[in-house]
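A.B. asks: model the structure of this input:
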Amino acid sequence: MSENREASENIKIDETEKIDIMGLVSAFLNGLRRLWVLLLVIVIVCTLRSYFSTSFSYTPQYVASATVSVTTPGESYTNIQSAQEMAEMFPYVLTSGVLREVIQNDMGLDYLPGQISVDAEEGMNMLTISVSSDDPQMAYNILQSVIKNYPEVAEYIFGETQLQILDETGIPSDTQEEIVIRGSYRRGALQGLIVSAVILCLYVFLKRTVRTKEQLKKRINIRDLGSLPYVRQKKRKNAENNNINILNERIVPVYEEAIRRLRIRIMREAEMKNAKVIMVTSSVPGEGKTTVAVNLAVAIAKQKKSVILVDCDMRNPSVAQMMHHDETHPGLASVLKDETTLQNALTDAGIPDAEMRIMYGGAADSEDTALLGSRKMGEVIEELKGKADYVILDTAPAELLVDASLLAKYVDAALYVIRCDYTKMNKIRGGIETLASRRLDILGFVFNGDLNKKESRYGYGYGYGYGYGRYGGYGRYSRYSRYGRLKDTGKREDESGRVIKE
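C.D. replies: Below you'll find the predicted structure:
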């Protein structure tokens, strides 16, 4: 038994480590997806910096060289040995200063403007003498002086020797410039990659955002109602097609399917808890709560249910922008101030064969938010409940602002939107605790912008993405209508949202 328990624990540890590794890899891929432009710019800047720095500071070096044979009186073995010894002793001869003085006197110079080196060919009586200088003519002249005077200096050490020129470069040209410049590109690019890698690591390890639903399930005790895929929309000239809305005929099927699944689960939960008024909120701005609220309302309306969508975010109303609605209408604040009637504030959404009305937000005014907790707000919601099967309220973020708390006493339940790899856990907990303190029933959470790839029945992966920008800036939304693919094909679905095979 103990062995089985130990083996089971080892399996669990291995699975946990695997999940952690995969989560870390996913985090790096997500970070790379978000920061790739910045990282690319860093690499380019470092490469150009290295190139220009090398180009402006580069000093041409001209190398004149000659291959000479060493001959001494005696056998050829002695010649080879003398060549090897000359090469080995050359640094000492050079550092002693004797050779430099002889060459300087020979050329009439005060100092020697070049570097001299000698290499011996293995097993042969040949030396390669090289002189480098920033002046090609000077390099060649010093080389000739070395060949001329070296035997005289070496005679005190090796005895009588003679150097015979076998091959020489003549007046040299700079052949190193291209190599040095090409090397500067590589060095700069490598520096940029290192800096980019450090920035990416800091981003991943310091951001500490929620990346998977598994992280949420371990730390918060509310129901998982599903996830919406990360959908990247192409920017098109027609603004009506630049939206994440199931009314947009260009929306990817995988997103439409995810909304349909979400609608099924929420309607089931709402029926079980007799919840007609549902508040949609999030922890912080930019998590896509308005996107979820709009799509949820449309999806429910397509199920032959009457729906009223109310933009309760008086600080930054966004529903009109998402529905691509440019006309001016009185908002919720006007109704609460008795400046207009409730009936006048409701606008038909214009969806064929669906009963959906919208109360747009009107002009943004943060001072009107106090009205959300008024008795009049309760009366308005009660009246709305009598006019529709479902009332969806799009509210400001719960953790950041008090708006959702003020509305909590008038709604039946809340739907909490959490964006993947965007919000920190302490912010999520703070928002949920704020609603819980008001004794509000939370239906569950929606994991929005899920970056984790999964296969769908339509062959699409969850690899699409859409940017959120600033609070409320989600693009403009069309009023085109299009029924879901499953409904068009006449297929039926069960309570979990799966297609029932005939």
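
A.B. asks: what segments of the stretch 301-450 of the chain are strands?
C.D. replies: Secondary structure of the stretch 301-450 of the chain (DSSP state E, counting those that start in this stretch): strands located at 307-311, 347-348, 356-359, 390-394, 413-419, 442-450.

A.B. asks: sorry, slip of the keys, the one I care about is the chain.
C.D. replies: Taking DSSP state E to define them, one finds strands in the chain at 62-71, 115-120, 126-133, 162-168, 224-229, 277-282, 307-311, 347-348, 356-359, 390-394, 413-419, 442-450, 492-493, 499-500.

A.B. asks: those: which one's closest to residue 104?
C.D. replies: Ranking these by proximity to residue 104 (Cβ to Cβ) places strand 115-120 first, at 12.1 Å. (C-beta placed from N, C-alpha, C; glycine too.)

A.B. asks: elements contacting the closest one?
C.D. replies: Here strand 115-120 touches helix 76-95, strand 126-133, going by 3 or more Cβ pairs under 8 Å, 6 or more residues apart in numbering; DSSP states H and E.

A.B. asks: need the least confident one among the ones you listed, by mean pLDDT.
C.D. replies: The minimum mean pLDDT among the helices and strands packed on strand 115-120 belongs to helix 76-95 (a mean of 65).

A.B. asks: which one of the strands of the stretch 301-450 of the chain lies nearest to residue 114?
C.D. replies: Nearest to residue 114 among the strands of the stretch 301-450 of the chain is strand 442-450; the distance by Cβ to Cβ comes to 65.5 Å.

A.B. asks: for the closest one, the averaged confidence score.
C.D. replies: Here the average pLDDT along strand 442-450 is 93.

A.B. asks: next: stretch 381-397.
C.D. replies: Mean predicted confidence for stretch 381-397 is 94.

A.B. asks: and residue 398, how far is that from residue 414?
C.D. replies: According to Cβ to Cβ, to the nearest Å, residue 398 stands 8 Å off from residue 414.

A.B. asks: turn the strands of the stretch 301-450 of the chain into a markdown table, columns for distance to residue 322.
C.D. replies: Output for the strands of the stretch 301-450 of the chain, formatted as a markdown table (distance: least, Cβ to Cβ, whole Å):
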| stretch | distance to residue 322 |
| --- | --- |
| strand 307-311 | 10 |
| strand 347-348 | 14 |
| strand 356-359 | 10 |
| strand 390-394 | 9 |
| strand 413-419 | 14 |
| strand 442-450 | 14 |
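
A.B. asks: got TSV for the ones you listed, with mean neighbour count and distance to residue 119 too?
C.D. replies: Shown next, in TSV, are these (neighbours: other Cβ atoms under 10 Å; distance: least, Cβ to Cβ, whole Å):
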stretch	mean neighbour count	distance to residue 119
strand 307-311	26	83
strand 347-348	14	90
strand 356-359	23	86
strand 390-394	26	80
strand 413-419	25	66
strand 442-450	22	65
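
A.B. asks: ok, back up a step: mutual contacts of residue 398 and residue 414, please.
C.D. replies: 281, 404, 435 (Cβ atoms under 8 Å, 6 or more residues apart in numbering).

A.B. asks: let me know the closest of those residues to residue 298.
C.D. replies: Within those, the smallest distance to residue 298 is 18.7 Å, found for residue 281 (Cβ to Cβ).

A.B. asks: what's the burial count for that closest one?
C.D. replies: For residue 281, the neighbour count with other Cβ atoms under 10 Å is 34.

A.B. asks: so what's it bridging to?
C.D. replies: residue 416 (DSSP bridges).

A.B. asks: quick one: it and residue 414 touch, right?
C.D. replies: Yes - Residue 281 is within contact range of residue 414, at 6.1 Å (criterion: Cβ atoms under 8 Å).

A.B. asks: what touches both of those two?
C.D. replies: If you check residue 281 and residue 414 against Cβ under 8 Å, 6+ apart, the residues they both contact are 404, 435.

A.B. asks: residue 349 and residue 361, how far apart?
C.D. replies: Relative to residue 361, residue 349 is positioned 15 Å away (Cβ to Cβ).

A.B. asks: who's more crowded, the two?
C.D. replies: residue 361 (27 against 22).

A.B. asks: got the contact list for that one?
C.D. replies: Neighbour list for residue 361: 311-314, 317-320, 331-332 [criterion: Cβ under 8 Å, 6+ apart].

A.B. asks: so which of those are in helices?
C.D. replies: Taking DSSP state H as the definition of helices, these contribute 319-320, 332.

A.B. asks: just put those in TSV and tack on distance to residue 290 and pLDDT.
C.D. replies: TSV is the format used below for the ones in helices among the contacts of residue 361 (distance: Cβ to Cβ, whole Å; pLDDT from 0 to 100):
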residue	distance to residue 290	pLDDT
319	6	90
320	10	87
332	14	90
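
A.B. asks: shaky segments in this protein?
C.D. replies: Along the chain, the model assigns pLDDT under 70 to residues 1-20, 22-23, 72-79, 82-83, 86-96, 123, 156-159, 174-177, 233-242, 453-502.

A.B. asks: what's the neighbour count on the closest residue to residue 28 other than its chain neighbours?
C.D. replies: Excluding the flanking residues, the one nearest residue 28 by Cβ to Cβ, 6 or more residues apart in numbering is residue 204, at 5.7 Å. Residues within reach of residue 204, counting by other Cβ under 10 Å, total 21.

A.B. asks: and what of residue 422?
C.D. replies: Considering only other Cβ under 10 Å, residue 422 is surrounded by 21 other residues.

A.B. asks: now do the contacts for it.
C.D. replies: 209-210, 284, 286-287, 449, 468.

A.B. asks: same check, this time on residue 132
C.D. replies: By Cβ under 8 Å, 6+ apart, the neighbours of residue 132 are 61-64, 114-115, 139.

A.B. asks: if we go to 6 Å?
C.D. replies: Residues near residue 132 by Cβ atoms under 6 Å, 6 or more residues apart in numbering: 61, 63, 115.

A.B. asks: pull out the buried members of those.
C.D. replies: Buried residues within the contacts of residue 132, counting neighbours by 16 or more other Cβ atoms under 10 Å: 61, 63.

A.B. asks: now distance to residue 101 too, for the contacts of residue 132, in a markdown table please.
C.D. replies: As requested, the contacts of residue 132 are exported to a markdown table (distance: Cβ to Cβ, whole Å):
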| residue | distance to residue 101 |
| --- | --- |
| 61 | 24 |
| 63 | 23 |
| 115 | 16 |
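
A.B. asks: from the contacts of residue 132, pick the one nearest residue 229.
C.D. replies: residue 61 (58.9 Å).

A.B. asks: ok, and the closest non-adjacent residue to that closest one?
C.D. replies: residue 132 (5.3 Å).

A.B. asks: what's across from the one you found in the sheet?
C.D. replies: Counting by DSSP bridges, residue 132 forms beta bridges with residue 63, residue 115.

A.B. asks: could you check how far it is from residue 60?
C.D. replies: 10 Å.

A.B. asks: same check on residue 321?
C.D. replies: From residue 321 to residue 60 the distance is 62 Å (Cβ to Cβ).

A.B. asks: make TSV from the strands of the chain and add distance to residue 295 to it.
C.D. replies: As requested, the strands of the chain are exported to TSV (distance: least, Cβ to Cβ, whole Å):
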stretch	distance to residue 295
strand 62-71	72
strand 115-120	74
strand 126-133	72
strand 162-168	81
strand 224-229	8
strand 277-282	10
strand 307-311	10
strand 347-348	18
strand 356-359	12
strand 390-394	10
strand 413-419	11
strand 442-450	10
strand 492-493	18
strand 499-500	20
